[in-house]
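> got a sequence here, can you model it:
(chains A and B)
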Amino acid sequence: MKLLKNLLKSPMFVIGTSLFSLVLFAAFIVPWFYDITTLQRVGDSYGAPTAQYLLGLDHLGRDYIVLLLRGLRSSLYVGLLAGVIATVLGTLIGLIAGFKGGIVDDVLSALTNLFVVIPQLVLLILISASIGDTGRSLTLIAVIIGLTGWTWSARSVRAQSSAIKSKDHISLARLNGDGGLRILLIHILPYLFSYVFMVFIILISAGILSESAISMIGLGPVDTQSLGTILNDAKNNGALSDGYWWAFLPATGIIISIALSLYLINTSMDGVFNPRMRK
Amino acid sequence: MLNKYPTLKFISTRAGWYFITLIVAITLNFTLPRLGPNNPVDIIMGQVGAGLSTAEAQQREERYLREFGLVKMRGGEIVRDADGRPVQASILEQYGSYLKMLMKGDLGTSYRTSEPVWDVILRAIPWTLALQIPTILLGWLVGNLFGAFAAYRRGIFDKALFPVALFLNSFPFFVFGMLLVYVLSFLIPLFPSAGGYDLALTPQFSFSFIASAAYHYVLPFLSIFLIGVGGGAIGMRTMGIYELGTDYIKYAKWLGLKESKVLLYVFRNAMLPQITGLALSLGTMVGGALITEMIFSYPGLGMAMLSAIQNQDYAIIQGVTLIITISVLIANFSVDMFIAFFDPRVKAGIQMGRG
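Just a heads-up that it's a prediction; the model follows:
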């Protein structure tokens, strides 16, 4: 409770959560009032915004609001799925490496250090390109992003858990006869909870950005729209050079809002958990 | 054996690790494209089947199969089954010939244009290097200076700079590039929106060409540089605030050392972890910068890769991804070495055999 109070004192946290709530509102409440189930041609290619279609039409004459809402939902889904996979993998690997030490640590850290220097984009491109245009679903892309995005979090969780390992209460638990798994779950993980949560937030954001990046290259999902595929279509159909602002400004605005709000939430939490950052 | 020479031991251990990483990267580069249904072997095999009608097409296809070691060979001839179709080599044999090719520095030829992949890469790589090295380093450096200053001064300067840095840092590269094109190329037509130089000119060492290249350089430069400034500033500010709270700085202040001297200590101590940070984020930075190239149709590796992806030209995709990975590994290794020799804390660790 006190934590929440402290968080609410931080303007960054308030702005971040408000902005993110707004994003969630658009994704999950607005579709109750605005029909996004049908996506079809309703006017000219790149028709300008009108009172009926507030954000104009895309290159195929489809309503941008429908596209954006669908895209936003896909992007949030990718972010959540990729974020969960990467956080679980990274936390597990980091926890075990930091706690076990010795050969287990050596092997897991070596694995982490190997993959941390291989650019994620390279792996994403190689895998996505091999899947081809028929099987590249949104879920598959999220899974791939999750499976390639854990390295950084494993590294930092490892550092944290190996620092906690030498604390007194762990020795006490050992003396008490607690097993390794019990110590890990009950005596170490809770200490890292706030940290892991912050990692999770960053990984959601990273997942959403990775999806848009890979979609921008033309390796995006083929089964649905995402914010990245909307931007890719805009780029490929010359919306940028012809100045059809409604083709890319709203989508970029949404991506920036998501990234910025999650980043603000993360930074403000960092400030509350590390008091020296306040002032 | 090397225990007497801790520095040498450190360097060789690190080099060994990077070598293993390189092998893993090469293996992934070979395996990943073959995982999915869209794998290059099938595509080429399909092309062979479809192209059998003309002798010329068959010849070309055969060269690919031979070159990439995709099919079984006996006495310099491709082994064929009863229907005359080439017999596919096992995955291990293919991997062997892939390694053999790489060893010779051969990246193969484009599936589409029959141009050697090296030529495509050599044409693109100067542009990528010229764009990425200065932008990433300068952005990082300028960001660090701002960050150190903000940490030290706090107050108004910090309050103004920090939100701007936060805002910049949360911009994905490609989004920022698109916005820059829209504002500085379309709304206010100051700079060209695409390309690396005026296409009417041919690349050469002439004033008009260099001027045109510089003119086209501005927007891609800005879009990578500014994001780097944001990231560097935030990291350095955090490190700086941390260092300012440490005992040695308090002690230095009590001693009445000059402000500039104290700031120098802070900067020096906070800088080195930032270099590690740069090394860690290098992969992401390079990836982002490659996508920026695609936005600007900049004639570098990013663009080469984009067109290869659109053409399903795996030889080029694999060649480019490999070169990118190797470059990032080399850069990381250099940063590792740099830190080892310039961070007294790490250096002392090495000397005591804890490297």
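> where does residue 87 land on pLDDT?
The chain I'm using is chain A. We have a pLDDT of 95 for A:T87.
> wrong one, chain B
pLDDT, B:V87: 75.
> with the one 4 residues further on instead?
pLDDT, B:I91: 81.
> which residue is nearest the centroid of the chain?
By default, I'm working from chain A. A:I204 (1.8 Å; CA atoms, centre = their mean).
> switch to chain B, that's the one I care about
Central residue of chain B (CA atoms, centre = their mean): B:V286, at 3.7 Å.
> and that one, what element?
Assigned by DSSP states H and E, B:V286 belongs to helix B:259-295.
> isn't the residue nearest to the centre of chain B up against B:I324?
Yes - taking CB atoms under 8 Å as the definition, B:V286 is a contact partner of B:I324 at 6.5 Å. Any C-beta I mention is one placed from the backbone N, CA and C, and that applies to glycine too.
> shared neighbours, the two?
A:P119 (CB atoms under 8 Å, 6 or more residues apart in numbering or on different chains).
> what about the residue in the stretch 51-200 of chain B positioned nearest to chain A, distance to A:I164?
Relative to chain A, the nearest point of the stretch 51-200 of chain B is B:S170 (4.2 Å; CB to the nearest CB). Between B:S170 and A:I164 the computed distance is 30 Å (CB to CB, to the nearest Å).
> between those two, which is the more surrounded one?
Neighbours were counted for B:S170 and for A:I164 using other CB atoms under 10 Å in any protein chain shown; B:S170 has more, 25 against 18.
> which residues in the chain form helices?
Assuming you mean chain A. A:2-9, A:11-28, A:30-33, A:64-100, A:102-117, A:120-131, A:138-148, A:151-165, A:168-175, A:180-182, A:189-216, A:227-236, A:239-242, A:249-273 (DSSP state H).
> try chain B instead
Taking DSSP H as the criterion, chain B carries its helices at B:6-35, B:40-50, B:55-67, B:91-103, B:117-153, B:155-169, B:173-181, B:207-244, B:247-254, B:259-295, B:301-310, B:314-342, B:344-351.
> least reliable of the ones you listed going by mean pLDDT?
Taking the mean pLDDT of the helices of chain B, helix B:40-50 comes last: a mean of 60.
> how about the residues of the stretch 101-250 of chain A near chain B?
Residues of the stretch 101-250 of chain A found near chain B (CB under 8 Å from any CB of the partner chain) are A:110, A:113-114, A:116-123, A:125-127, A:129-135, A:152, A:205, A:209, A:212-213, A:216-219, A:231, A:235, A:240-241, A:243, A:245, A:248-249.
> surely A:L189 meets A:L95?
Yes - the criterion here is CB under 8 Å, and A:L189 meets it with A:L95 at 6.9 Å.
> pick out whichever of those two has more residues nearby.
Remark: of A:L189 and A:L95, A:L95 carries more neighbours, 24 against 17, as counted by other CB under 10 Å.
> please tell me how far the more buried one sits from A:S156.
For A:L95, the distance to A:S156 - CB to CB - is 11 Å.
> and B:E293, what does it touch?
B:W127, B:T128, B:L131, B:P220, B:G300, B:L301, B:G302, B:M303.
> now the two most distant members of the residues you listed.
Greatest spatial distance in the contacts of B:E293: B:P220 and B:L301, 13.1 Å, computed using CB to CB.
> ok, the spatially closest residue to B:Q132 that is not a sequence neighbour to chain A distance?
Distance criterion CB to CB, 6 or more residues apart in numbering or on different chains; nearest residue to B:Q132, sequence neighbours excluded, is B:A289 at 4.8 Å. B:A289 sits 10 Å away from chain A, going by CB to the nearest CB, to the nearest Å.
> would you confirm that B:A289 contacts B:I133?
No - using CB under 8 Å as the test, B:A289 is too far from B:I133 to be in contact (9.9 Å).
> higher neighbour count, those two?
Ranked by neighbour count (other CB under 10 Å), B:A289 and B:I133 place B:A289 first, with 26 against 13.
> quick check: residues of the stretch 101-250 of chain B near chain A?
Residues of the stretch 101-250 of chain B lying near chain A (CB under 8 Å from any CB): B:154, B:166-167, B:169-175, B:178-179, B:181-182, B:186-187, B:193-194, B:238, B:241-242, B:245.
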